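K.L.:
Show me the folded form of this:
(2 chains)
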Number of protein chains: 2
Amino acid sequence: MAKEKEFVKEIADIETDFAQWYTDVVTKTELVDYGPVKGTMVIRPYGYAIWENIQHELDRRFKETGHQNAYFPMFIPYSYLLKEAEHVEGFAPEVALVTHVGDEELAEKLVVRPTSETIICEMYSKWVQSYRDLPLLINQWANVVRWAKTTRPFLRTSEFLWQEGHTLHSSEEEAMEETLKMLNVYEEFSRNVLAMPVLIGQKSEKEKFAGAKATYSMEAMMQDGKSLQAGTTHFFGTNFSAAFDIKYLDKDGTHKNPYQTSWGVSTRLIGALIMAHGDQRGLCLPPYVAPVQAVIIPIAMHKGGVLEKATEIYDTLKNAGIRVKLDDSDASPGWKFNEYEMKGVPVRLELGPRDIENGVVTYTRRDKLGEKFTLPIATLAEELPKLFQDVHDNMYAKAKAFLDSHIKTVQNTAELKEAVDTGNFALGMWCGCRECEDKLKAEMQVTTRNMPFDQTPVGDRCVICGKPAKKKIYFGRAY
Amino acid sequence: MAKEKEFVKEIADIETDFAQWYTDVVTKTELVDYGPVKGTMVIRPYGYAIWENIQHELDRRFKETGHQNAYFPMFIPYSYLLKEAEHVEGFAPEVALVTHVGDEELAEKLVVRPTSETIICEMYSKWVQSYRDLPLLINQWANVVRWAKTTRPFLRTSEFLWQEGHTLHSSEEEAMEETLKMLNVYEEFSRNVLAMPVLIGQKSEKEKFAGAKATYSMEAMMQDGKSLQAGTTHFFGTNFSAAFDIKYLDKDGTHKNPYQTSWGVSTRLIGALIMAHGDQRGLCLPPYVAPVQAVIIPIAMHKGGVLEKATEIYDTLKNAGIRVKLDDSDASPGWKFNEYEMKGVPVRLELGPRDIENGVVTYTRRDKLGEKFTLPIATLAEELPKLFQDVHDNMYAKAKAFLDSHIKTVQNTAELKEAVDTGNFALGMWCGCRECEDKLKAEMQVTTRNMPFDQTPVGDRCVICGKPAKKKIYFGRAY
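P.N.:
Numbering: from 1, shown residues only, chains lettered A, B, ... in the order given. Here you go, the predicted structure:
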């Protein structure tokens, strides 16, 4: 127990120093390390395996909704950035610029993509000629670069990995339908794969993507009560297609600019799920993205038959498609328990001589530490998937209860401040003015998060200025 | 027939203008397009789907051989490049350099990775402390940048996609075993997935990777008789681990530098398989990487029941895991035949009223155009995978026969020139001197390709200088 306590002590207190807890967890579990260039991260194998699982689940959903993957160059001529006025204003200060190759200076400096609307529009203008070429539904998995002053692994890094969908449509309605469809794909993925409830809705003018007509987001609640924007979808109207002269010949014989969307999620999701589910002992990984779903720990490993049986079970589970690990290292079972609890493995299977005698394994769920259960060895491969679903459901329910109990309806600025200061989202009415948003940001570092689709009023006055309200909106502090 | 001929004419003659044939095929089949920055390419959905299939097959093999994926930052401090003398000499002239972020100049210019040995070694020096940390077996899927003066889609582009494995080992033997193991993984993949025979062996000192002790390659023969280096594996000894001060405490209590390997293949493989298998009608894709393995073309589509039956067959095949497409567009069957032949779809399934009456589909193989066969609809889902294997085997056999018949054993420079000038590889003896390689390159643009593992002599004198020979080696012109 002394050793165990000591072990747990290595992670900062989650209640009193959430920021340090996060840093400790992501580094000590070897999810990530700091890169040599300020603000960059190395995604280590344990972290990258989570990303691979996220990619696999999302990619399947993108293809099921008719999208194809492609790859566009990372280097964008600087002049492209200038074509859409809001876009350049938003991104110019944080773009990395390639000016030289070897000793030679380039004629035009190149932007390392912060996002790919511009270069993709340039290509689409060559590819799209007729209404028959629409809709054009393309996604890209790529690295992007946005220089940031303050960075944190996964949450904000100068380079990160993401996917970006870019679609063209012949009608405004169809483009808006796509924008909302992909928002719903993200929400469903977040719920069913990450076990993470999110609030979906429209961003304010101030908070929308540079160059979009409308931006929608999913906002997740971290355990310190702050919001994390976990994914966005954008409706561009014809802003970019007009700027890049994308035109198609419609059935009526006239040339038109198509309507456009884009949508993306990034390695930020890894940070989100850590802060949504983790606890004092470390990570708590949802089974459908956990790199190891179940770890087998042999007890009295050197007694006859234990390791053989453990290996047999390992093989059976692996063949059943379960991501399973057998730890037959010389470390003590106690050390291993701590290690895999910290690493957030959803289910721990213990197998000792007595278990074998009884034809069972003893198991512990990461989401219900302290309780022990047994399962017959004979049906383990069928029972574990059900157990994973139960772990998932319990994790989601816990996170959902946390979110629901941390949304406070507010009527004025004092209530809003009180709600946010005590670790909640505030839900209230808003006049729709940017001045009120600027005031909140300046006075209490609070931003508008998004406007839910259910706009049933909770008052009739703006909680900031008291003028007649136009919108119901979530307020919060954010990552 | 007039239309068909016209259609075929769009692709340059494969016999007389192989270079233009290649350009026509990759662009007209929409595999790729040119990016706005010189030397960059856009990998379009049909091309990217091939890359996804390549990735899927290779990634499985890497994991089965114990490797894990990770992701390292793309930006490398310039100073890192300087740490290994040969490495900087090889790469410095072609690296893209980031010097500014927005308006601000960076304190140290950053290299956009041309390969990741340096940054990975920097991280490994932090991670590796003990012999227990070895072997360290990591792979990365990433984009890399190497500026090139003359570029061609897939074959040589300023930015390309690849994988790079980077491993550390406690002994020289184990590192060399890894170097050869991964070479064999590449060869097996090339044979069983790309249907492409390759020659494996060691590169000369002149042709090896900048910073390696030894480089091994697989060389594929294109249909113009030129060689394409399709993959390489490198043995570094302790060159980099010493330069980057990677040290581990060994069992004997002393600190040691580990032995290192790296290995990679890239989107170049797509160019390779096009030039290995294509013909006058366009692409001929091996079934295991073809984005569409079988296309269903309804005949007399608007007759009752045809489209219904075609859809039913489509659903059955899709559910069986076959990459199948049903083309129910209004284009004529003849147009569709041409289109999917050009696009290299391995099997075309025709379904008309008479076929339905007979309970069969009529099929044509892309590798045996002109012949028609039938298969019962009832067993199509079981028969097609066998057919794909047969197509694969036939394509491999054809490419192997071509390779075998285009290797000429030579005894002197005149024979070597004759062999290469008539579209062959030359196999001959070599004294081992760089001077002879320089002479061949200068006089006839021929390079040494690699030294086969079977070194049974085919003479005793160097074919270039006539001095006593040390090695048997392949010579050829190369992409």
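K.L.:
In contact with the residue nearest to A:Tyr474 when sequence neighbours are not counted, which residues are there?
P.N.:
In this structure, A:Tyr474 finds its nearest non-sequential neighbour in A:Arg449, 4.0 Å apart by C-beta to C-beta, 6 or more residues apart in numbering or on different chains. For the C-beta atoms, the positions are set from N, CA and C on the backbone; glycine is no exception. With contact taken as C-beta atoms under 8 Å, 6 or more residues apart in numbering or on different chains, A:Arg449 is in contact with A:199, A:201, A:217, A:219, A:227, A:229, A:425, A:473-476, A:478.
K.L.:
Shouldn't A:Glu341 be within a strand?
P.N.:
No. A:Glu341 is assigned helix when assessed by DSSP: H, G, I helix; E, B strand; the rest coil, not a strand.
K.L.:
before we move on, which element is A:Ala142 in?
P.N.:
Element membership of A:Ala142, judged by DSSP states H and E, is strand A:136-145.
K.L.:
That strand versus strand B:136-145: what angle between them?
P.N.:
Calculated by axes from the mean of the first three to the mean of the last three C-alpha atoms, to 10 degrees, strand A:136-145 forms an angle of 110 degrees with strand B:136-145.
K.L.:
The helix or strand containing A:Lys400: what's the following helix or strand?
P.N.:
Assigned by DSSP H and E, A:Lys400 falls within helix A:380-405. For helix A:380-405, the following helix or strand on the C-terminal side (DSSP H and E) is strand A:407-409.
K.L.:
Packing partners of that next one?
P.N.:
Under the contact criterion of 3 or more C-beta pairs under 8 Å, 6 or more residues apart in numbering or on different chains; DSSP states H and E, strand A:407-409 touches strand A:425-430.
K.L.:
Chain B versus A:Arg268, what's the distance?
P.N.:
According to C-beta to the nearest C-beta, to the nearest Å, A:Arg268 and chain B sit 14 Å apart.
K.L.:
For that residue, give me its contacts.
P.N.:
Going by C-beta under 8 Å, 6+ apart, A:Arg268 touches A:154-156, A:160, A:228, A:230.
K.L.:
Now list the buried members of these.
P.N.:
When the contacts of A:Arg268 are checked for burial by 16 or more other C-beta atoms under 10 Å in any protein chain shown, the buried set is A:154-156, A:160, A:228, A:230.
K.L.:
Where does pLDDT dip in the stretch 201-350 of chain A?
P.N.:
The stretch 201-350 of chain A contains no residues with pLDDT under 70.
K.L.:
Residue of it closest to chain B, please.
P.N.:
In the stretch 201-350 of chain A, the residue that lies nearest chain B is A:Thr267 (8.5 Å; C-beta to the nearest C-beta).
K.L.:
Secondary structure and distance to chain B added to the buried ones among the contacts of A:Arg268, as TSV?
P.N.:
Listed next are the buried ones among the contacts of A:Arg268 as TSV, based on DSSP: H, G, I helix; E, B strand; the rest coil; distance: C-beta to the nearest C-beta, whole Å:
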residue	secondary structure	distance to chain B
A:Phe154	coil	12
A:Leu155	coil	16
A:Arg156	strand	14
A:Phe160	strand	10
A:Leu228	strand	21
A:Ala230	strand	20
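K.L.:
Run the chain-centre distance for stretch A:194-204.
P.N.:
11 Å (C-alpha atoms, centre = their mean, to the nearest Å).
K.L.:
same thing with stretch A:162-172?
P.N.:
On C-alpha atoms, centre = their mean, the centre of stretch A:162-172 falls 20 Å from that of its chain.
K.L.:
how about the CA coordinates for it, as PDB?
P.N.:
Output in PDB follows, covering the C-alpha atoms of stretch A:162-172 (Å, rounded to 0.1, in the frame of the first residue of the first chain):
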ATOM      1  CA  TRP A 162      -6.900  16.500 -38.100                       C
ATOM      2  CA  GLN A 163      -9.400  15.800 -40.800                       C
ATOM      3  CA  GLU A 164     -11.000  18.400 -42.900                       C
ATOM      4  CA  GLY A 165     -14.100  17.800 -45.000                       C
ATOM      5  CA  HIS A 166     -14.700  20.100 -48.000                       C
ATOM      6  CA  THR A 167     -17.900  19.900 -50.000                       C
ATOM      7  CA  LEU A 168     -19.600  21.700 -52.800                       C
ATOM      8  CA  HIS A 169     -23.300  21.700 -53.500                       C
ATOM      9  CA  SER A 170     -25.700  23.000 -56.100                       C
ATOM     10  CA  SER A 171     -28.100  24.500 -53.600                       C
ATOM     11  CA  GLU A 172     -28.000  26.400 -50.400                       C
END
